[in-house]
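Novice: coordinates only, sequence not included:
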């Protein structure tokens, strides 16, 4: 039975893209005790819907109410960045591109090193908004146990498999203890073993207080 307390409410929204409107007059309510999956083929608007929750695309009309924080985006307000975690293939690609650039800098400066470790990448999400604090190391321990990441924390990310790197990105998002976690096609590009390991990690995660929205285009990924 669903809780009567809403978590997020989308009230008759229409999203404006550069050349068209999408998700016209869409309404959706997430209850406080629910996880959701968004299914649909490529190009159906799944990622656009996610970006609207992140405040990355404008609404033509309607409003998004973040009930869990008492914020109403109809008034131009969105939750702070740490309230929503986001994991996607594009995010992983950007981080690897940044690592490639850092590797070029190291080569140019004739500095030896194996590159950024998983621990460094996981902490980088926090460092983007504030300095590290004493409790961050304890939080890393919690997240590493939850996702079974402890054995790879000291390894350079260049040595990780795609599945291991996806879990590192997930850990990076969890370090800020978000209330909502959006997983946008998290199984994309993974082999069977990688999908299985990530699925187990997500199942463990869904027993935590965080609410999960899983975006997928194949039913078997749920």
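Specialist: That came through, no problem. Since this is a predicted model, take the numbers as computed values, not measurements.
Novice: worst-scoring helix or strand of the protein, pLDDT-wise?
Specialist: Counting by mean pLDDT, DSSP states H and E, the chain has its least confident helix or strand at strand 71-72, which shows a mean of 55.
Novice: ok, residues contacting the very next helix or strand once past that one?
Specialist: Counting by DSSP states H and E, the next helix or strand C-terminal to strand 71-72 is strand 84-88. Residues from elsewhere that reach strand 84-88 (CB atoms under 8 Å, 6 or more residues apart in numbering): 47, 50, 53-54, 166, 169-170, 173-174, 176, 178-186, 210. For glycine as for every other residue, the C-beta is placed from the backbone atoms N, C-alpha and C.
Novice: for the most centrally placed residue in the chain, list each beta-bridge partner.
Specialist: What sits nearest the mean C-alpha location of the chain, by CA atoms, centre = their mean, is residue 86, with 1.8 Å. Taking DSSP bridges as the rule, residue 86 bridges to residue 182.
Novice: ok, residue 216 next?
Specialist: Going by DSSP bridges, residue 216 forms beta bridges with residue 39.
Novice: begin at 28 from here
Specialist: Got it, first residue is 28 now, which makes that one residue 243.
Novice: and for it, the neighbour number?
Specialist: Using other CB atoms under 10 Å, residue 243 has 19 other residues around it.
Novice: and if you look at residue 68?
Specialist: The local packing of residue 68 (other CB under 10 Å) involves 8 other residues.
Novice: got phi/psi on it?
Specialist: Backbone torsions of residue 68, given as degrees, to the nearest 10, read phi -70, psi 170.
Novice: find the nearest non-adjacent residue to it, please.
Specialist: residue 244 (5.6 Å; CB to CB, 6 or more residues apart in numbering).
Novice: pLDDT score for the residue nearest to the centre of the chain?
Specialist: Note for residue 113: predicted pLDDT of 92.
Novice: measure it to residue 173 for me?
Specialist: In this view, residue 113 and residue 173 are 18 Å apart by CB to CB, to the nearest Å.
Novice: hmm, the residue nearest to residue 68 is touching residue 65, no?
Specialist: No. Look at residue 244 against residue 65 with CB atoms under 8 Å: they stay out of range, at 9.4 Å.
Novice: more neighbours: which of these two?
Specialist: Using other CB under 10 Å as the criterion, residue 244 and residue 65 rank with residue 65 on top: 18 against 15.
Novice: how close does the more buried one sit to residue 212?
Specialist: 10 Å.
Novice: picking that back up, which residues are in contact with both of residue 244 and residue 65?
Specialist: residue 73.
Novice: would you mind measuring from residue 36 to residue 48?
Specialist: 20 Å.
Novice: more neighbours: the two, which one.
Specialist: Neighbours were counted for residue 36 and for residue 48 using other CB under 10 Å; residue 36 has more, 17 against 12.
Novice: which secondary structure elements does the helix or strand where the more buried one lies contact?
Specialist: Using DSSP H and E, residue 36 sits within strand 33-43. Other helices and strands packing on strand 33-43, by 3 or more CB pairs under 8 Å, 6 or more residues apart in numbering; DSSP states H and E, are strand 48-58, helix 73-80, strand 86-93.
Novice: what are the contacting residues of it?
Specialist: 48-59, 61, 72, 75-76, 79-80, 84-95, 101, 207, 238.
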